[in-house]
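missing the sequence, but the structure's below:
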């Protein structure tokens, strides 16, 4: 009997010392129609983590909450219809984020701000030919 109680206490103490992680989604996205109150929706969102809050649980563990701000979202209504929110970011922000994603996926280690500056100069040098191609696509 005493052994069983000791085991329970050890298991309880071990669980108490594990960190707990939360997310808090705060912000808004622009949707093309009203979502009535009283319904449940399935949400898929691209978010940016903008802050992290740590709280001591006073047992050796922490409660860590990451604050997420939505950038884009898709909402699936209970009738199966999907509503897409508009992406509020400027194209320059989208370009920089896409470049960072590629930079990260390729495993580059150079300072990203320096890479971004060099990339911008390369794009500016290629702008006349890129512009011609973009205009051709619009006229097709």
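Nice, thanks for sending it over. Treat the numbers as computed from the prediction; the structure is a model and nothing was measured.

Grab the most central residue of this protein for me.
The residue lying closest to the centre of the chain (Cα atoms, centre = their mean) is residue 47, at 3.0 Å.

so who does that one touch?
25, 68, 69, 70, 71 (Cβ atoms under 8 Å, 6 or more residues apart in numbering). (C-beta placed from N, C-alpha, C; glycine too.)

6 Å - rerun?
The contact partners of residue 47, by Cβ atoms under 6 Å, 6 or more residues apart in numbering, come to 68, 70.

Correct me if wrong, but it is in a strand.
Yes - residue state for residue 47 (DSSP: H, G, I helix; E, B strand; the rest coil) corresponds to a strand.

Numbering from 30 from now on, please.
Yep, numbering from 30; the last one is residue 76 now.

what pLDDT does it get?
We note a pLDDT of 87 for residue 76 in this prediction.

do the same with residue 101
85.

what comes up buried for the biggest helix by length in the chain?
Assignment by DSSP state H gives helix 141-167 as the longest helix of the chain. Within helix 141-167, the residues scored as buried using 16 or more other Cβ atoms under 10 Å are residue 148.

hey, what's the residue nearest to the centre of the chain bridged with?
Note on residue 76: beta-bridge partners by DSSP bridges are residue 99.
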